[in-house]
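> model this:
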Amino acid sequence: MVIIEQNPQESIREYVYRFLKVNIINLELPPGQSISEQEVASQLKVSRTPVREAFIKLAQENLLAIIPQKGTYVSLIDTDQVEESTFVRQTLEHEVIQQACTCFPAEELFQLQSCLALQNLCISEKNYYRFFELDETMHAIIFRGCKKSRTWEMLQLMNAHYNRVRILSLKTKEFQWDQLLKHHQALIKAIQEQDIKLGIKTIKLHLNKVLIDLEYLRKAHGDYFLQRKQQTFTMTQK
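Here you go, the predicted structure:
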């Protein structure tokens, strides 16, 4: 696992939760891997109580599977959740990009352009995780510029499985980074020139990429994904 620094304003409980979630999302803790409270507590030099609380919270978010008498495992990627997250993002971002292409603050536009420059640097340095973070930042800025920050925060609550697919795609298909960069360039151009048609076309293409990649990634990394039969069984048991 990659150790991240504790923010000054964070409690130990918040830090442990964020540490684990970051490592799950960026696949440092890959789907299916076992994980123990004691190991995490020892690595972070904290008591087991905040670790246990983080485990429970992550299990509620379907990122950990706590199996009595067996142990705790990083949840496999659930494609149903990925598809649902894609649907929600496409629906919301279709509307947000139209607003952004109608009226957008100059300061936020400058921040989008700055993100784009940093993404170019990430490509040259082959830093896929930083590229992912900047991609997230770009979308957050667009939402903020349209006064929809709380809507973006709501999306983050259901994006965990979706984001793991994005990270896996960036790790596996490095040749597509330039394509993503072109999407971002087109989005900024659409906002800058108030071109709603270009904005809608680009955001649809950009967000649909996850579903296009999904079939390839399931074949290449089948052990990372919950099988369809398993998903049906789980729903039947409920």
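> In the chain, where is pLDDT below threshold?
For the chain, applying pLDDT under 70 flags the ranges 175, 228-238.
> how does it look with 50?
For the chain, the stretches with pLDDT under 50 are 230-238.
> Give me the longest helix you can find in it.
helix 196-220 (DSSP state H).
> what helices or strands is that helix leaning on?
If you count contacts as 3 or more C-beta pairs under 8 Å, 6 or more residues apart in numbering; DSSP states H and E, helix 196-220 packs onto helix 79-100, helix 160-172, helix 177-192. The C-beta positions use only the backbone N, C-alpha and C, and glycine is treated the same way.
> Can you check what angle separates that helix from helix 177-192?
Calculated by axes from the mean of the first three to the mean of the last three C-alpha atoms, to 10 degrees, helix 196-220 forms an angle of 160 degrees with helix 177-192.
> Next, the buried residues of helix 196-220.
The neighbour-count check on helix 196-220 (16 or more other C-beta atoms under 10 Å) flags 196, 198-200, 202-203, 206-207, 209-210, 213-214, 217-218 as buried.
> and if you look at stretch 79-90?
79, 81-82, 85-86, 89-90.
> Same check on stretch 96-109?
Buried residues in stretch 96-109 (16+ other C-beta under 10 Å): 96-101, 104, 108-109.
> Out of these, flag the one nearest to residue 2.
Using C-beta to C-beta, the shortest approach to residue 2 within the buried residues of stretch 96-109 belongs to residue 108, at 30.2 Å.
> Is that closest one in a helix, a strand, or coil?
Here residue 108 is recorded as helix under DSSP: H, G, I helix; E, B strand; the rest coil.
> check contacts around the spatially most central residue of the chain.
With distances taken as C-alpha atoms, centre = their mean, residue 163 lies nearest the centre of the chain, 2.7 Å away. By C-beta atoms under 8 Å, 6 or more residues apart in numbering, the residues touching residue 163 are 25, 132.
> Can you point out the helix or strand that includes the closest residue to residue 67 other than its chain neighbours?
Computed as C-beta to C-beta, 6 or more residues apart in numbering, the closest residue to residue 67 that is not its neighbour in sequence is residue 73, at 7.0 Å. For residue 73, the host element (DSSP states H and E) is strand 71-74.
> Residues contacting that strand, please?
With C-beta under 8 Å, 6+ apart as the criterion, strand 71-74 contacts 24, 29-37, 55, 59, 63-67.
> Of those residues, which count as buried by neighbour count?
Buried among these by 16+ other C-beta under 10 Å: 24, 29-31, 35, 37, 55, 63-65.
> Can you tell me the SS state at the spatially most distant residue from the centre of the chain?
Residue farthest from the centre of the chain, counting by C-alpha atoms, centre = their mean, is residue 69 at 31.0 Å. Under three-state DSSP, the three-state class of residue 69 is coil.
> Kindly provide the distance from it to residue 39.
18 Å (C-beta to C-beta, to the nearest Å).
> could you dump the buried residues of stretch 79-90 to a markdown table with distance to residue 182?
A markdown table is the format used below for those (distance: C-beta to C-beta, whole Å):
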| residue | distance to residue 182 |
| --- | --- |
| 79 | 27 |
| 81 | 28 |
| 82 | 23 |
| 85 | 23 |
| 86 | 20 |
| 89 | 19 |
| 90 | 19 |
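> Closest one of the residues you listed to residue 223?
Distance to residue 223 across the buried residues of stretch 79-90 (C-beta to C-beta) is lowest for residue 79, with 13.9 Å.
> Tell me if I'm right that the closest one and residue 214 touch.
Yes: the pair residue 79 / residue 214 is scored as a contact, 6.4 Å apart, by C-beta atoms under 8 Å.
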